[in-house]
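*Asks:* next input, structure requested:
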Amino acid sequence: MLTHKANRVEFDVTTETGGKRPKTVQKKFDLDPDEDPFYSRHKFHPFPEAIESNGVDLQEVTAKEQSIRSKAAGNEVPDPSSSATDLATAVDSLPALLDRKKQLEVHTSILQAVMNQVAARDVPQFYELETSLATGSYKSDASRAKADVIKLVADPTKGNVEDKLRLVVVYVLTTNAKTADVDEVTSAVQQAMETPGEDGKPRLDKEGKQRLEAGVKAIGYLKQLRSMHMLPLSTSLQEIESESKVSSGSVLTSVFNKATSQATGLLAKAADKVSSMLGKIHKHYATRVVENLCEMKPGTEDDDYLYLDPRVKGDVDIQKLRMMNRSPVREVTAFVIGGGCYAEYQNLQMVADERRTISYGSTELVDAGEFLAQLGQLGS
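*Replies:* Residues are numbered from 1 along each chain as shown. Now for the predicted structure:
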């Protein structure tokens, strides 16, 4: 949703200035789980849950701050059981409390920016369709896949240029769509983005046009790979049951019912936009591979991947070594040659537990926009 690189998140905030033209300011925040307790607790949680917790924590900190200031000013009836030392201790704790409040307000700004993007771009619709494509829901109905993709990308009010291009890339990677169908879908994106906005102005600025051009080149590169049979289908997401899936609506209900005044507005948006995104968990391909290797499941990648044991000396018989009793896997390092992403790292933590730790690395970390740009360069 937001520009995020090396734990630095960037986004624009538009403020009203008393009837004058709205002012846009770019915000930059560094997120460090070692220094930020809130981020450490919620970095893998659904954002409605993080919003709710942010509101509760902020309300609690604000109440403590007001209480300390009131006591220091002598506005409260003193507690007979408390002493001057207790008051001094409370006052001394105020700077740390204010630092915590400042951190929470940073997260309020970030969560607000996320929800603004979700609302403005209708992100859940793209998420649902991309997930359906990636899980093979359209495997036996290519015409419906094409129709649903065109319906979404042809609507100029849904998503931005990268949302539409990303959906087309997922469509190409996960279906056996004919070249003519891919061209038709791509053309629908171009026509939608070239349609003037409601104010009569172009929808894309110079940078947006460059992203569209690069995205079309990226799709062309994928078509080229497919023509050479170098692009296998990537219906590699596996939906699994989650504890919250039984009643995803109840997750939202409980979160929203507990919402504080600080977060009510954001949660109202979340309720309207993201109910379909909660309660579903998918295992990515890398996660399934790591799980199969760690659990030594027969008939999976464990049969094909090279297994080496540093305790075995001399000549190694790979097949005989594979049949030996193997020690349980306690530490895993999954490294991707090429581009990795935060979502893949987060998904891998699904198979980590108190018995097994999983570290993740890649040649570089890229988001969806950077991945599109790289494909575009290859297609130039």
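
*Asks:* from here on, just use CA atoms for contacts and neighbour counts.
*Replies:* Noted.

*Asks:* where along the stretch 151-300 of the chain do the strands fall?
*Replies:* In the stretch 151-300 of the chain, the strands defined using DSSP state E, counting those that start in this stretch lie at 238-240, 281-283.

*Asks:* C-alpha coordinates for stretch 346-363, CSV please?
*Replies:* Taking C-alpha atoms only, stretch 346-363 is exported to CSV below (Å, rounded to 0.1, in the frame of the first residue of the first chain):
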residue,chain,number,x,y,z
GLN,A,346,6.0,-13.2,6.6
ASN,A,347,4.4,-16.3,5.0
LEU,A,348,7.4,-18.4,5.9
GLN,A,349,6.8,-17.7,9.6
MET,A,350,3.7,-19.8,9.4
VAL,A,351,5.9,-22.9,9.6
ALA,A,352,8.1,-21.5,12.3
ASP,A,353,7.4,-22.4,15.9
GLU,A,354,9.1,-22.8,19.3
ARG,A,355,11.0,-25.8,17.9
ARG,A,356,12.1,-24.3,14.6
THR,A,357,13.3,-20.8,13.5
ILE,A,358,13.3,-19.6,10.0
SER,A,359,15.5,-16.9,8.6
TYR,A,360,14.9,-15.4,5.1
GLY,A,361,17.1,-13.7,2.6
SER,A,362,17.1,-12.8,-1.1
THR,A,363,19.4,-11.1,-3.6
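
*Asks:* returning to that earlier point: worst mean pLDDT among the strands of the stretch 151-300 of the chain?
*Replies:* If you rank the strands of the stretch 151-300 of the chain by mean pLDDT, strand 238-240 sits at the bottom with a mean of 60.

*Asks:* excluding its backbone neighbours, what's nearest Y39?
*Replies:* The shortest distance from Y39 to any residue other than its chain neighbours is 5.6 Å, reached at P33 (CA to CA, 6 or more residues apart in numbering).

*Asks:* need the pLDDT of that neighbour.
*Replies:* Each residue has a pLDDT score; the one for P33 is 84.

*Asks:* quick check, it in a strand?
*Replies:* No. Using DSSP: H, G, I helix; E, B strand; the rest coil, the assignment for P33 is coil, not a strand.

*Asks:* mind checking how far it is from K27?
*Replies:* Per CA to CA, to the nearest Å, P33 is found 19 Å from K27.

*Asks:* find the least confident helix or strand in the protein, judged by mean pLDDT.
*Replies:* Taking mean pLDDT, DSSP states H and E as the measure, the helix or strand of the chain with the lowest value is helix 248-257, at a mean of 42.

*Asks:* on that earlier part again, surely the residue nearest to Y39 meets R8?
*Replies:* No. Counting by CA atoms under 8 Å, R8 is not a contact partner of P33; they are 11.9 Å apart.

*Asks:* show me where the stretch 1-150 of the chain has its helices.
*Replies:* According to DSSP state H, counting those that start in this stretch, the stretch 1-150 of the chain carries its helices in the segments 37-42, 47-72, 84-92, 94-121, 123-134, 142-153.

*Asks:* please state the offset of the shortest one from the chain centre?
*Replies:* Once both centres are worked out by CA atoms, centre = their mean, to the nearest Å, helix 37-42 turns out to sit 16 Å from its chain's centre.
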